[in-house]
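Asker: okay, here's the prediction I keep looking at, along with the sequence it came from:
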Amino acid sequence: MKIHEFQGKLVLQKYGVATTKGQVAYTPDQVKEIAEQLGGTVVVKAQVHVGGRGKAGGVKLGKTPVEAFEVGKQILGMDLKGLKVKKVLVEGAINIDKEYYLGMLFDRDTRQIIVMVSAEGGMDIEEVNEKTPEKIARVWVDPTMGLQDYQIRDLIFGAKLDKNYVKPITKFLRGLYNAFVGSDATLAEINPLVITKEGDVIAADCKMDIDDNALFRQPELAPWQESEEDNAIEDEARTRGLTYVHLSGDIGIIGNGAGLVMTTLDAVSREGGQPSNFLDIGGGAKAEVVRNALEVVLMEPKIKAVLINIFGGITRCDEVAKGILEATSTMDIKVPIVVRFSGTREAEGRKLLEGTKLIPAASMQEAARKVVEVGYGAAVR
Ligand code: GDP
Ligand code: MN
């Protein structure tokens, strides 16, 4: 589970880690009010579960309360990498002298915690990792031993951080490690860790992921779980008891079994199609379920064609065929539907579709190619 920057900073503060402080606002007026209380220049930061907000225009300075109101107005409601900004964090601006990067992350291969430090903090740590990986110092921490003093020294000297700040950075790393373990985090990134012109060492940003499986013992964090984005079709699917995830494309996908649906998405993408959704109808597939699934998929106005991919095991393809025919005969469907059956009674299933508008396909690849053809008018690949 991802938590917001302002929430991560609350966790850090609980463990004695220094962070910039501020308040959350939901309207430009609230931004202005907080700016008036704080006095001086403020920084207004979008609180959405994406990285790189700064570069995408989601972090801005306001020198006066009126300016804060203006940038608050720009950021609130904006689309940040596909997510709508509903709240911002308003903090007193700091005087940045140096920006460092600190990262902790759970490493499943070694079953240890990787701690990473770099003097090249700020916005482009991914680029540093790609072009000059030697500028990132790393140690692996055995969770039964904890972060050792010698490892902290290795990190600080390895990353060539300013030696005048060994003591406060050591304190910071210890606190961050305790926060990481204590809150069952799988990731904690402080980018930037700032050394201010006044000489303070302070977290200016905080990105944290919490292990979903540990939420039962994190009663303070569990309520922070939010749905990633509001999508009306997903809401509707949920009320109909369907496992549906909205995607950005225009080819509707329906299948039985999560793995099969994932593979179908890949197959359609490989043929140049853009899937509009993930929809797993599970076992069975009675007419009622098929009708619900089709109705939900067709709610996306962009939809150009639909692929129904059924693997018959205990579920018999001829029964599914009957369900599809029953459902489609009572619906006014304007886009072509490709159906692929595989497994138990697939031939019988296909025979039932003969003479209807439904387009049969023998293999997954053929189905993917056909749905792209009929959807886009011609093969894209
Ligand atoms: P991210 O882009 O999502 O990682 O958001 P950050 O919180 O890291 O903000 C992006 C950049 O904004 C930082 O790297 C800083 O350079 C800058 N920034 C953030 N807070 C402050 C602040 O209080 N004062 C100043 N001057 N710059 C800030
Ligand atoms: Mn950052």
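Answerer: On my side now, so go ahead. Ligands and ions are numbered 1, 2, ... in the order given.
Asker: spit out the contact partners of the residue nearest to Glu234 when sequence neighbours are not counted.
Answerer: For Glu234, ignoring the flanking residues on the chain, the nearest one in space by Cβ to Cβ, 6 or more residues apart in numbering is His246 at 5.3 Å. All C-beta spots, glycine's among them, are computed from the backbone N, C-alpha and C. For His246, the contact set (Cβ atoms under 8 Å, 6 or more residues apart in numbering) comprises Asn231, Ile233, Glu234, Ser276, Asn277, Glu300.
Asker: if you rank those by neighbours, which is first?
Answerer: Among those, Asn277 has the most neighbours (other Cβ atoms under 10 Å), with 28 neighbours.
Asker: identify the bridge partners of that one.
Answerer: His246 (DSSP bridges).
Asker: with ligand 1 as the reference, measure out to it.
Answerer: Asn277 sits 29 Å away from ligand 1, going by Cβ to the nearest ligand atom, to the nearest Å.
Asker: contact partners for that residue?
Answerer: Neighbouring residues of Asn277 by Cβ under 8 Å, 6+ apart: Ile233, Tyr244, Val245, His246, Leu247, Gly252, Ile253, Val297, Glu300.
Asker: do that again at 7 Å, thanks
Answerer: Counting by Cβ atoms under 7 Å, 6 or more residues apart in numbering, Asn277 touches Tyr244, Val245, His246, Leu247, Gly252, Ile253, Val297, Glu300.
Asker: any idea how far the second one lies from ligand 2?
Answerer: Shown here: Val245 relative to ligand 2, a distance of 28 Å by Cβ to the ion, to the nearest Å.
Asker: heads up, I number from 10, so please use that
Answerer: All set: I'll call the first residue 10, so the last point we hit is now Val254.
Asker: give the closest residue to that residue in space, chain neighbours not counted.
Answerer: For Val254, the spatially nearest residue (Cβ to Cβ, 6+ apart) is Phe287, at 4.1 Å.
Asker: would you confirm that that neighbour contacts Ser257?
Answerer: No - judged on Cβ atoms under 7 Å, Phe287 makes no contact with Ser257 at a distance of 11.8 Å.
Asker: the two: which has the busier surroundings?
Answerer: Phe287 (18 against 11).
Asker: give me phi/psi at the residue in the stretch 10-159 of the chain positioned nearest to ligand 1?
Answerer: Nearest residue of the stretch 10-159 of the chain to ligand 1, counting by Cβ to the nearest ligand atom: Gly63, 2.9 Å away. As for Gly63, its main-chain torsions (degrees, to the nearest 10) stand at phi -50, psi -50.
Asker: quick one: buried residues of stretch 102-117?
Answerer: Residues of stretch 102-117 classed as buried by neighbour count (16 or more other Cβ atoms under 10 Å): Ala102, Ile103, Lys107, Glu108, Tyr109, Tyr110, Leu111, Gly112, Met113, Leu114, Phe115.
Asker: ok, so what distance separates the third one from Gln160?
Answerer: It stands for Lys107. 22 Å (Cβ to Cβ, to the nearest Å).
Asker: what's the helix ranked longest in the chain packed up against?
Answerer: Longest among the helix segments of the chain by residue count, using DSSP state H, is helix 175-191. Judged by 3 or more Cβ pairs under 7 Å, 6 or more residues apart in numbering; DSSP states H and E, helix 175-191 is in contact with helix 14-23, strand 105-116, helix 158-167, strand 194-205, strand 210-212.
Asker: could I get the ones you listed as JSON lines with distance to ligand 1 and mean pLDDT?
Answerer: As requested, those are exported to JSON lines (distance: least, Cβ to the nearest ligand atom, whole Å; pLDDT from 0 to 100):
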{"stretch": "helix 14-23", "distance to ligand 1": "6", "mean pLDDT": "98"}
{"stretch": "strand 105-116", "distance to ligand 1": "5", "mean pLDDT": "96"}
{"stretch": "helix 158-167", "distance to ligand 1": "20", "mean pLDDT": "97"}
{"stretch": "strand 194-205", "distance to ligand 1": "5", "mean pLDDT": "97"}
{"stretch": "strand 210-212", "distance to ligand 1": "9", "mean pLDDT": "98"}
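Asker: distance to Gln39 for these - can I get that in CSV?
Answerer: Listed next are these as CSV, based on distance: least, Cβ to Cβ, whole Å:
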stretch, distance to Gln39
helix 14-23, 14
strand 105-116, 26
helix 158-167, 39
strand 194-205, 25
strand 210-212, 23
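Asker: among those, which comes closest to Gly31?
Answerer: Proximity to Gly31 (Cβ to Cβ) singles out helix 14-23 among these, at 7.3 Å.
Asker: tell me the helix or strand right after that closest one.
Answerer: The helix or strand immediately downstream of helix 14-23 is strand 31-34, counting by DSSP states H and E.
Asker: right, and the helix or strand after that following strand?
Answerer: The helix or strand immediately downstream of strand 31-34 is helix 37-47, counting by DSSP H and E.
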